[in-house]
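Q: give me a 3D structure for the following:
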Amino acid sequence: CSATLNRIFEHLTACERLDKLEVVIVNDGSKDDTSAVAHRYADQYPTWVRVVDKANGGHGSALSAGFRVAQGRYCRPLDGDDWLDQHGLDALLDRLDQCDADMIVSDVETKNLDADDSVIKSWELPAEGSFTVADLVPLQYLPGYHAIIFATKILKEIPELDHHCFYVDNEYNVYPLSTVKKAVYYPKTVYVHTVGNGEQSTSIQSLIKNRGNLQTVFFSLMRYAAQHEDNTAAVTVAHRFACSQLITFTAVTFIIDPKEGKSELHAMYVKVRDRYPDFYRTMDITRTGRLYRALHLHGYGLIRLLVN
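A: Numbering: from 1, shown residues only. Sure thing, here's the model as predicted:
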């Protein structure tokens, strides 16, 4: 909408290195004033702002559309609720002059709009030199969508992200990894991610409503892993992001209607067990999921009493 787009440009236009910036605004079939506001910015800044108007296809479709037309060496997706820190972005743009990495990891500021506070997340990665995807495997927490920047040429070659589907940020995190040879860590905040909006896809209400999307992305990640089984590091990271989808789905099934939750959880775990038996036996999930697996997909009612 116009309010969030204006906020994004308020931060962007505060940058000093606009000469190194390309902005592609993807209007994913919005029915409000997004397109008009976007074209106004394109008219105001014709040398570095472009607009793609397309039929609604969801987050993944919008990201893929942006990757197709992007012309810069690196691509940093930005969701409408968030913005880029102008100081971190300026410093990053200067650093990119000498950068030949396939992937860049930066720090992320998460700002809670309800509590009016923020937390900066950094990573235990080398600030000097480079690293590989294998160096991500030992990390307790993996850098994700808000932290990762990929070379545009790599993003143009990845599979189309799932359409009409939330939670495809994990597909963005994973799909390029099989071609990433060199990565660097930039220990400054570039992306500012906002939380506290009840309409966001990560709110409890949205997770319940869109829990089927969690399953969709889980199986997309598992298919990717199966297709790249010769790349151990990429597969390991893909499995960890897949587990995060399954963990969230499992948690949701214990807060919805018990009859629906029992049926959906059983069906999901049976699919995982039958399609990916090796993964199923060793998947790193929470105590709730491990207990359900240990009880051979029985005991839903007992577990629900324990977790609630």
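Q: what's the end-to-end length of stretch 103-121?
A: Terminal residues of stretch 103-121 lie 18 Å apart, using C-alpha to C-alpha, to the nearest Å.
Q: what of stretch 100-119?
A: Using C-alpha to C-alpha, the end-to-end distance of stretch 100-119 comes out at 30 Å.
Q: buried ones in it?
A: In terms of neighbour count (16 or more other C-beta atoms under 10 Å), stretch 100-119 has its buried residues at A101, D102, M103, I104, V105, S106, D107, V108, E109, T110, K111. For every residue, glycine as well, the C-beta is placed using N, CA and C.
Q: quick one: the helices in this protein?
A: Taking DSSP state H as the test, the helices found in the chain are 2-12, 34-44, 58-69, 86-96, 152-155, 169-174, 204-209, 211-227, 232-253, 258-275, 277-282, 287-294, 300-307.
Q: what is the orientation angle of the fourth one with helix 2-12?
A: To tie it back to what came earlier, the one meant is helix 86-96. Using axes from the mean of the first three to the mean of the last three C-alpha atoms, to 10 degrees, the inter-axis angle of helix 86-96 relative to helix 2-12 is 60 degrees.
Q: likewise the third one?
A: In this structure, helix 58-69 runs at an angle of 40 degrees to helix 2-12, with the same axes, to 10 degrees as the basis.
Q: what angle sits between helix 58-69 and helix 211-227?
A: Using the same axes, to 10 degrees: helix 58-69 against helix 211-227 is 40 degrees.
Q: pull helix 58-69 out as CSV, backbone CA atoms only.
A: C-alpha atoms of helix 58-69 as CSV (Å, rounded to 0.1, in the frame of the first residue of the first chain):
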residue,chain,number,x,y,z
GLY,A,58,1.4,-14.5,-4.3
HIS,A,59,4.7,-13.8,-2.7
GLY,A,60,6.7,-16.4,-4.6
SER,A,61,5.4,-15.3,-7.9
ALA,A,62,6.2,-11.7,-7.1
LEU,A,63,9.8,-12.6,-6.1
SER,A,64,10.3,-14.7,-9.2
ALA,A,65,9.0,-11.8,-11.4
GLY,A,66,11.5,-9.5,-9.8
PHE,A,67,14.4,-11.8,-10.3
ARG,A,68,13.6,-12.2,-14.0
VAL,A,69,13.9,-8.5,-14.7
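Q: residues contacting it, please?
A: Under the criterion C-beta atoms under 8 Å, 6 or more residues apart in numbering, residues 24, 26, 28, 50, 52, 54, 57, 75, 77, 79, 152, 155-156, 158, 160-166, 168-169, 171-172, 201 lie in contact with helix 58-69.
Q: recalculate using a threshold of 7 Å.
A: Residues outside helix 58-69 that contact it (C-beta atoms under 7 Å, 6 or more residues apart in numbering) are 24, 26, 28, 52, 54, 75, 77, 155-156, 160-166, 168, 171-172.
Q: and the nearest residue to N173 once chain neighbours are set aside, how many neighbours?
A: The spatially closest residue to N173, leaving aside those adjacent along the chain, is G144, at 5.1 Å (C-beta to C-beta, 6 or more residues apart in numbering). Counted with other C-beta atoms under 10 Å, the neighbours of G144 add up to 17.
Q: can you give me the pLDDT of G198?
A: G198 is assigned a predicted lDDT (pLDDT) of 62.
Q: got it, and V52?
A: 97.
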